[in-house]
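Trainee: sequence-free structure coming up:
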């Protein structure tokens, strides 16, 4: 294919056919479809990866692929993925003559940097199927040409206006001849030839210089005001002599009453032939803010990773006993978000991030009950059983793919409605791609390097100038950097070494599609590697704390799960960080006693797990709370209350604050109440008593609520605005290319283009296999590029034999090239009798 002096979209030099499929020879292609046929399988796969929407649905052949690649919606999506200089190259081609020789294009983008960057930019355009043709006749796809050509309604970033022929198309023949005479040119037969003669003058540098040398004062200044755009200006009803001189020679052309336009040829001459005022062939540098040792960056990131796990566990522990209600419109109320922020001891925006992260990871969800509340899911228990590094990797994997933007919580949507955590309206399609690009930029820096945030934003503005409005791009970039630091993806602003496997390695500086991520087959391996690297830097969980005389306990590192669970019950977390500080209070000790611990067990636990002696104040606190705990006993009546101390019951009956409990004495040591036992316990504790619940046999029991779980829930599906990019793994792309090649051969004239051996027809009876086996065979064939025999039940109930090359198996359908029908087809899975590898003997 025509790649001389250019590079393909993935940065590799072209100029010869790839592995298979390319048509040899140097015949100039007449259409985009012709050029696509000359591309290798790898180059076609690159195109489908760069423009994933072309696969929805799978085109029947390369002609249909070319037609779809030129569709307006698809071209707009492709333009959004271009970097600044590739876009500037396309804009220069749009204002150049069609077809455009490479030297002419190079003259529109002068300079050494542009000369070095032009081959890559042309390769990107060709790789996205926006450009075709040999170097001596480059052509933009017609739709791209129309979108990028300057018009009054859609100005171009070049600042150029219409050509002279377009601007002067409505001039009368007599006026056209007047322009020729004023410019010193001979008369012509008609207006069209007159405009062509003027165009020749305006594109001849020497003659144009001579014409402008004779311009009156102020005429050149009037042109200079329009030369870099916008090319439209206003003139008075009676123009001055300098403006009249310009109008009489066609250097300015009337556009509408009172306005004029500077013809494109005149502007290019005044610019010295440059299409853009500031060509930007080179990406902005990522200026370092600081450089840390890789070990210190990894240590900081590992600490943040542990804090991330603790935040999610704290949130789930709070919601498993007292989950917040779901708003009628969906999501979490502002009051409940504040409660969660207090529970996590974090600002509300950070609390919203952890809530959203647990949600997209499938760890919390709505329970679906009539009084709908949020609670942990059964997947949370599975996640909790994993080692720390695996739990962290699962959170990060969910975060990388998520399109929900927690930073929007508290704002308002386009209709002015507030955006709530866990509510609708938080998805932003480009979020996942931009997040990966940010991390890819960090991965391109030397280990331990923290970049300036402004430099990262400037680089992304160069890479994705049309993808997002500047304000939205800046916000998503800032959110991505802040969230990466909280989650332990970065440490001290530098990318952690154990994150690199999740990004597929270091990011090439010029990769146009660096946000696509890893193929699905590689995700599991990458997660294993990342978790293994994190495990090497995580500190070993501790089996002890340091008890202090001020009723605090210091955990100098992460605690073992069983120890952390008991400490969370028996003490309150006072502060977190590199070390966690717990404080023992009468309320926390009572909480442990309510959970079924005895005073002796608490003393023994503290002695066994403290590296320091148990302080006397703490021992006194445990004994004092235990002595008062359980003197009042609550059981079921409605509920009853008994106490061996009659005076204490008398005191309670006399307390006006106890009136709402509706207590009534039925024996010297027994009171009854219509309230439920759990409610009575909470009310008595609110009055300052320390009651305990008892069973029918009088034994003290725990009345703690059982941890709530939702029914099994699937995590929310990300909503990227580019079709299927996350599913385009190499086997799928290879299968799609094979189907396109086969469809092209089967199309009329395909045999003349490329001879191919026909697939032998199916033999034997129609395959009959169980549905799950049928799906497994089809998916394996799609991965491996194999052929299968399938039986399909037609509308008349007849099972017919087909040879199919599956491409996708999803949503209850299989799509692939049907070699029996010689076209791309989609079959419902429920209409298939079975599937078997083609060539295998019937079972």
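Mentor: Received the coordinates, thanks. These numbers were taken from a predicted model, which means no experiment stands behind them. Numbers count the residues shown, from 1 in each chain.
Trainee: Give me the longest helix you can find in the chain.
Mentor: helix 294-319 (DSSP state H).
Trainee: what's the next secondary structure element after that helix?
Mentor: helix 334-344 (DSSP states H and E).
Trainee: quick one: the strands in the stretch 301-450 of the chain?
Mentor: 364-366, 374-376, 449-451 (DSSP state E, counting those that start in this stretch).
Trainee: Buried deepest among the ones you listed, which one?
Mentor: Neighbour counts (mean count of other Cβ atoms under 10 Å) averaged over each of these peak at strand 374-376, with a mean of 25. For the C-beta atoms, the positions are set from N, CA and C on the backbone; glycine is no exception.
Trainee: Give the partner strands of that strand in its sheet and their orientations.
Mentor: The pairing partners recorded for strand 374-376 under DSSP bridges are strand 364-366 (antiparallel).
Trainee: Quick one: distance of the partner strand to the chain centre.
Mentor: 22 Å (Cα atoms, centre = their mean, to the nearest Å).
Trainee: ok, and what's touching it?
Mentor: Contact with strand 364-366 is made by 315-316, 319, 326, 355, 358-359, 372-377, 380, 710, 713, as judged by Cβ atoms under 8 Å, 6 or more residues apart in numbering.
Trainee: among the residues you listed, which ones are buried?
Mentor: When the contacts of strand 364-366 are checked for burial by 16 or more other Cβ atoms under 10 Å, the buried set is 315-316, 319, 326, 355, 358-359, 372-377, 380, 710, 713.
Trainee: so which of those would you say is closest to residue 427?
Mentor: residue 359 (12.2 Å; Cβ to Cβ).
Trainee: how close does the closest one sit to residue 405?
Mentor: Residue 359 is 13 Å from residue 405, where distance means Cβ to Cβ, to the nearest Å.
Trainee: residue contacts, residue 662?
Mentor: Residue 662 neighbours (Cβ under 8 Å, 6+ apart): 673-675.
Trainee: repeat for residue 277
Mentor: 159, 228, 271.
Trainee: And it, its phi and psi?
Mentor: phi -70, psi -40 (degrees, to the nearest 10).
Trainee: just residue 237 next, same as before
Mentor: According to degrees, to the nearest 10, residue 237 has phi -60, psi -30.
Trainee: That one: what's it in contact with?
Mentor: residue 258.
Trainee: And it, how close does it get to residue 219?
Mentor: Residue 237 is 19 Å from residue 219, where distance means Cβ to Cβ.
Trainee: In terms of secondary structure, what does the longest strand along the chain contact?
Mentor: Assignment by DSSP state E gives strand 799-810 as the longest strand of the chain. Judged by 3 or more Cβ pairs under 8 Å, 6 or more residues apart in numbering; DSSP states H and E, the packing partners of strand 799-810 are helix 730-746, helix 771-784, strand 788-793, strand 813-818.
Trainee: in its sheet, what does it sit against?
Mentor: strand 788-793 (antiparallel), strand 813-818 (antiparallel).
Trainee: for the stretch 551-700 of the chain, what spans make up the strands?
Mentor: Here the stretch 551-700 of the chain has its strands, by DSSP E, counting those that start in this stretch, at 552-555, 572-575, 580-583, 633-635, 639-642, 664-667, 670-673, 692-694, 700-701.
Trainee: buried residues in the longest helix of the chain?
Mentor: Neighbour count says helix 294-319 has 294, 297-316, 318-319 buried, by 16+ other Cβ under 10 Å.
Trainee: Now do it, average pLDDT.
Mentor: For helix 294-319, the mean pLDDT works out to 93.
Trainee: what angle sits between it and helix 334-344?
Mentor: When axes from the mean of the first three to the mean of the last three Cα atoms, to 10 degrees is applied, the directions of helix 294-319 and helix 334-344 differ by 120 degrees.
Trainee: quick check, distance from helix 294-319 to the centre of its chain.
Mentor: Taking Cα atoms, centre = their mean, one finds the center of helix 294-319 at 22 Å from the center of the full chain.
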